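> Need coordinates for the following:
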Amino acid sequence: MKKNYLTTKITGAALFMLFIAACTSPERKANQTDKTAPIPVTAAHASATGDGQINITGQISSTQVANISTRVMGYITAMHVQVGDHVKQGQLLVSISSQDISAKKAQAEAAIAAAEAAYNNARKDLDRFTTLFKQQSATQKELDNVTLQYHAAQSQLQAAKAMRNEAGASLAYANITAPFTGVITQKMADAGSMAGPGQPLLTLEKSGSYQVSAYLTEGQVGMVKEGVPVSINVPSAAKTFNSRVSQISVSAEGGGGQYLIKADIPDGQKSGLYAGMSANVIITLPGAASAVNNDQLMVPASAIVHQDELSGLYIISPSNTVLLRWVRLGKTAGSQVEVLSGLNNKELFVTQADGRLYNGAPVSIK
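Predicted coordinates:
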């Protein structure tokens, strides 16, 4: 009896386990299917710009920029312009208190008057003693003394006039005018502020004259010559136009080890452009070897995976799984970013995925 009861209990437990397994197996199978189902992705090879072109990022700037300052110290009595104002050459920009300079000029005028009187008197004495010496009524020593007094008075008069000219020049810097026609782009002081010698008060940029400035590396600057064609794209203004390299710096001093180049913007393309806008510059090198930028690989910036300070790409293996590989990035050109290391142009990487990727995830290329 006891044996039959035990057999019945074991049979019931086995049937219960089979029931549970039957109920849960579809869910488990579904989960397993979800985990192993390939994730649809879009893939691409890195583009190697070995076609005789150099892609760099530049910035629009004015061809002529002046930091307006003064040579005198004093309080600013009036600031006659604001940021954005268009000014003409010779227009009054800033007025600085000049009472002390005016006083110095008045002192110089008084010194000139005294020096002129002394000079005129010394000249008369020289003429008189010259006549007396010819008549043998004056000695050579007396004539020499009068001549010395005359030259001293002449020097004092010249010094007094120089003081007046200096005061006049300083007084001119108390009323600062525009050196050329342009636009006020910065204002660093207001009325009531103390202005000092050499202290920038305003920034003036020449109107309607723009250029694109960019930098080349040591390996690139030797391949570029003045006059080579360039294609310039300004994304923020939706403009693309052609130009030529107009200037190449022969020194990397002040450029962080890179060489500054400039390209003028054609007159017909200046509308809607402002200094400071970013521009993508493509320099064409006719007849250059195809290895100009063979090491430069460009990938879409949207494909880059960022984790803390690291950047990576999902690389597709021959078995159609992905692996997150860390790469070192370079400069950005529009929607493309340069990969300096960690990738070669024969490898496929994921540009877009229809699911969450992880190391070892199976994928299918659309």
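> Give me the domain ranges for the protein.
For the chain, the structural domains run 1-37, 39-50+294-365, 55-63+208-284, 65-97+174-205, 99-172, going by automatic domain parsing.
> can you put those domains in CSV and add mean neighbour count?
Where you see a C-beta, it was placed from the backbone N, CA and C, and this is true even at glycine. As requested, those are exported to CSV (neighbours: other Cβ atoms under 10 Å):
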stretch, mean neighbour count
domain 1-37, 9
domain 39-50+294-365, 16
domain 55-63+208-284, 16
domain 65-97+174-205, 16
domain 99-172, 15
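> is it possible to export those to TSV including mean pLDDT?
Formatted as TSV, the domains of the chain follow (pLDDT from 0 to 100):
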stretch	mean pLDDT
domain 1-37	51
domain 39-50+294-365	85
domain 55-63+208-284	86
domain 65-97+174-205	89
domain 99-172	88
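> where exactly do the helices run in the chain?
For the chain, the helices defined by DSSP state H cover 2-36, 99-134, 140-172, 218-221.
> list the contacts for Leu171?
Ser98, Ile101, Ser102, Lys105 (Cβ atoms under 8 Å, 6 or more residues apart in numbering).
> Distance of Leu348 relative to Arg325?
Going from Leu348 to Arg325 by Cβ to Cβ, to the nearest Å gives 12 Å.
> do Ala178 as well
Ala178 is 57 Å from Arg325, by Cβ to Cβ.
> go on, Phe180?
Taking Cβ to Cβ, one finds Phe180 at 54 Å from Arg325.
> Likewise for Ala115?
Distance from Ala115 to Arg325, by Cβ to Cβ: 85 Å.
> intersection of neighbour lists for Leu348 and Arg325?
Joint contacts of Leu348 and Arg325 (Cβ under 8 Å, 6+ apart) are Ile315.
> Can you give me every residue that contacts the residue nearest the centre of the chain?
Nearest to the geometric centre of the chain sits Gln59, at 6.5 Å (Cα atoms, centre = their mean). Counting by Cβ under 8 Å, 6+ apart, Gln59 touches Val212, Ser213, Ala214, Gly276, Met277, Ser278, Ala279.
> Contact partners for the nearest residue to Leu202 once chain neighbours are set aside?
Of all residues not flanking Leu202 in the chain, Ile68 sits nearest, at 4.1 Å (Cβ to Cβ, 6 or more residues apart in numbering). By Cβ under 8 Å, 6+ apart, Ile68 lies in contact with Leu93, Val94, Ile176, Ala178, Pro179, Pro200, Leu201, Leu202, Thr203, Leu204.
> okay if I get the contacts of Leu171 as JSON lines plus distance to Gln53?
JSON lines is the format used below for the contacts of Leu171 (distance: Cβ to Cβ, whole Å):
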{"residue": "Ser98", "distance to Gln53": "57"}
{"residue": "Ile101", "distance to Gln53": "58"}
{"residue": "Ser102", "distance to Gln53": "62"}
{"residue": "Lys105", "distance to Gln53": "62"}
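> Closest one of those to Gln135?
Closest approach between the contacts of Leu171 and Gln135, by Cβ to Cβ: Lys105, at 45.3 Å.
> What distance do you get for the closest one to Ile56?
From Lys105 to Ile56 the distance is 54 Å (Cβ to Cβ).
> try Ala138
Remark: distance between Ala138 and Ile56 (Cβ to Cβ) = 84 Å.
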